[in-house]
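> make a model of this:
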Amino acid sequence: MPVPFSAILIANRGEIAIRIANACADLGVRSVGVFAQDDQASLHTRQVDAAVALPGRGVPAYLDGAQLIAVAREQGCEAIHPGYGFLAENADFADQCAEAGITLIGPGADTLRLFGDKAAARALAARCQVPLVQGTAQAVSLEEARAFMASLQGSGVMIKALSGGGGRGMRAVTDSAALDAAYARCQSEARAAFGNDAVYVEQLVDAARHIEVQVLGDGSGAVSHLWERDCTLQRRHQKLVEFAPAPGLDPALRDRIIDSALTLAAEVNYQGIGTFEFLVEPDQDRFYFMEANPRVQVEHTVTEQVTGIDIVRAQIRVTEGQRIGTESCGVPAQGDISLRGHALQCRVTTEDPENGFTPDYGRLGVYRSAAGFGVRLDAGTAYSGAVITPYYDSLLVKVTTWGAYRLDAIQRMDRALREFRIRGLSSNLQFLENVINHPQFVSGECITRF
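As a prediction, this is how the structure comes out:
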């Protein structure tokens, strides 16, 4: 019989730490939060059952695996939930947890290493006969990148960091004269973000949509999907607006994409929540595997709204050993996971769109959020008087709206964004309103170059 956790350390901050704390409370599990010296005012410290100060300031404080494990032991936590970002995809940290006898909520170190190496993930897709964009099988030198682009005879390329994700270390190149500078820039970003400057190249698929499939595996060989999300709208390869289900996607094409995601997940006996991402050319009836994210994602809320499944709770339950299709797991058998309506998420940030989206910092003089039927808010440090520092991501609050029809969800999002009052700092509210009211967005016809 699986033994439920009695206490979980949340190795993260802000809205995702609050989200995990809420799931713990629903399960009757004691939650322990942590905070850096400059982060005590973050709301997650008030949502957990106990909050422990970490030595140091800023992001580095949340990256000290040994210190986090020590806190987990002191607090009697059997497990650590890493959320997203920080240590969520760090295989070395997974090894540290295993050596300490602490369960990391998420896939094991082997799975993290596999999907953390884009070349290895592409090799897995090739073995499983999942379609891939033409590209190199491993890291390439600048000379090799030049030769690859020349072989495409006029087609552009996408340079990508071999490790990591989140849009860092990634550049689209359509002119061979710009290749050298883009290659150097990608290497620099990858080195700074992931400690590995290796990059590879793929043929650029310019007129496509970005579709991702949410999967859940329980480690027994059972893998289910929670349908798909459309993450086509991005800025600098960072997701901006996400929605589910993907509008106008041919049902047969959707089935093929989902089947490919399940094939890849089953091949590695996936355990936990994960997302398999694809580039899709709907007009050509083609799709290509991009990468897998072996963790919960920022945009998981839209899937929760259209399926009614608590994804974070499911993460915890399958890590305890619960099986999909049981009441204790909280996830029905595949045939009973249905879609209910449409959901849309926008990320409200303290950035100035009129100044190159430069993050703004300081005191949040006035903060009033939206409310009402069909509106969900996930916020970290968002309240009047909060001090927004330059040490963390500029995300202020995630707004997710639901509707029986896609237009309902869009209209509720429009209303919600207009209800916000943010004073003292710049925000991207008006920019988001412009996006969701754009005729091309409303019609569901956006592609990655929108």
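> all helices of this structure, in order?
In order along the chain, the chain carries the following helices (DSSP state H): 14-27, 44-47, 65-74, 91-99, 109-116, 118-127, 142-151, 179-194, 251-267, 300-307, 311-320, 406-419, 429-436, 439-442.
> quick one, which of the ones you listed gets closest to Arg340.
When those are ranked by distance to Arg340, counting by C-beta to C-beta, first place goes to helix 300-307 at 5.7 Å. To be clear about C-beta, it is placed using only N, CA and C from the backbone, and glycine gets the same treatment.
> tell me who's in contact with the closest residue to Glu202 other than its chain neighbours.
Counting by C-beta to C-beta, 6 or more residues apart in numbering, Glu202 lies nearest to Gly135, which is 3.4 Å off, once chain neighbours are set aside. Each residue near Gly135 by C-beta atoms under 8 Å, 6 or more residues apart in numbering is listed here: Arg122, Phe148, Tyr200, Val201, Glu202, Gln203.
> quick one: contacts for the fifth one?
Spelled out, it's Glu202. With C-beta under 8 Å, 6+ apart as the criterion, the residues that contact Glu202 are Val133, Gln134, Gly135, Thr136, Val157, Met158, Lys160.
> count of residues packed around the first one?
Counted with other C-beta atoms under 10 Å, the burial measure for Val133 works out to 17 neighbours.
> coming back round to it: which among the contacts of Gly135 gets closest to Phe431?
The closest of these, once distances to Phe431 are taken by C-beta to C-beta, is Glu202, at 29.4 Å.
> in the sheet, who's paired with that closest one?
The bridge-partner assignment for Glu202, based on DSSP bridges, gives Gly135, Met158.
> tell me the spacing between it and Ala161.
Counting by C-beta to C-beta, to the nearest Å, the gap from Glu202 to Ala161 is 12 Å.
> before we move on, what about Ile258?
Between Ile258 and Ala161 the computed distance is 27 Å (C-beta to C-beta).
> of those two, who's got more company?
In terms of neighbours (other C-beta under 10 Å), Ala161 is the more surrounded of Ile258 and Ala161; the figures are 26 against 20.
> I figured the more buried one was touching Gly167, is that so?
No: between Ala161 and Gly167 there is no contact under C-beta atoms under 8 Å: 9.7 Å.
> residue contacts, the spatially most central residue of the chain?
The residue at the geometric middle of the chain, judged as the C-alpha nearest the mean C-alpha position with C-alpha atoms, centre = their mean, is Gln297 (2.7 Å). Under the criterion of C-beta under 8 Å, 6+ apart, the neighbours of Gln297 are Tyr84, Glu212, Thr275.
> so which of those wins on neighbours?
Neighbour counts for the contacts of Gln297 peak at Glu212, which has 27 neighbours (criterion: other C-beta under 10 Å).
> need the nearest residue in space to that residue, chain neighbours excluded.
Take Glu212 and drop its neighbours on the chain: the residue closest to it by C-beta to C-beta, 6+ apart is Glu277, 4.4 Å away.
> ok, the one you found to Ile388 distance?
Following C-beta to C-beta, the distance that separates Glu277 from Ile388 is 30 Å.
> same check on Glu202?
Using C-beta to C-beta, one gets 37 Å for the distance from Glu202 to Ile388.
> same deal with Tyr183?
Using C-beta to C-beta, we find Tyr183 at a distance of 35 Å from Ile388.
> again with Gly335
Applying C-beta to C-beta to Gly335 and Ile388 gives a distance of 46 Å.
> so which of these two has more stuff around it?
Ranked by neighbour count (other C-beta under 10 Å), Gly335 and Ile388 place Ile388 first, with 19 against 8.
> so who does that one touch?
Contacts were defined as C-beta under 8 Å, 6+ apart; by that measure Ile388 touches Thr350, Asp360, Tyr361, Gly362, Arg363, Leu364, Thr381, Ser394, Leu396, Leu425.
> I figured the second one hits Arg423, correct?
Meaning Asp360. No: with contacts counted by C-beta under 8 Å, Asp360 stays clear of Arg423, the gap being 11.8 Å.
> neighbour count: the two, which is higher?
Remark: of Asp360 and Arg423, Asp360 carries more neighbours, 17 against 11, as counted by other C-beta under 10 Å.
> burial check on the closest residue to Cys446 other than its chain neighbours, number of neighbours?
With sequence-adjacent residues excluded and distances taken as C-beta to C-beta, 6+ apart, Cys446 is closest to Thr232, at 5.2 Å. For Thr232, the tally of surrounding residues (other C-beta under 10 Å) stands at 25.
> report pLDDT for Thr232.
You'll see Thr232 listed with a pLDDT of 93.
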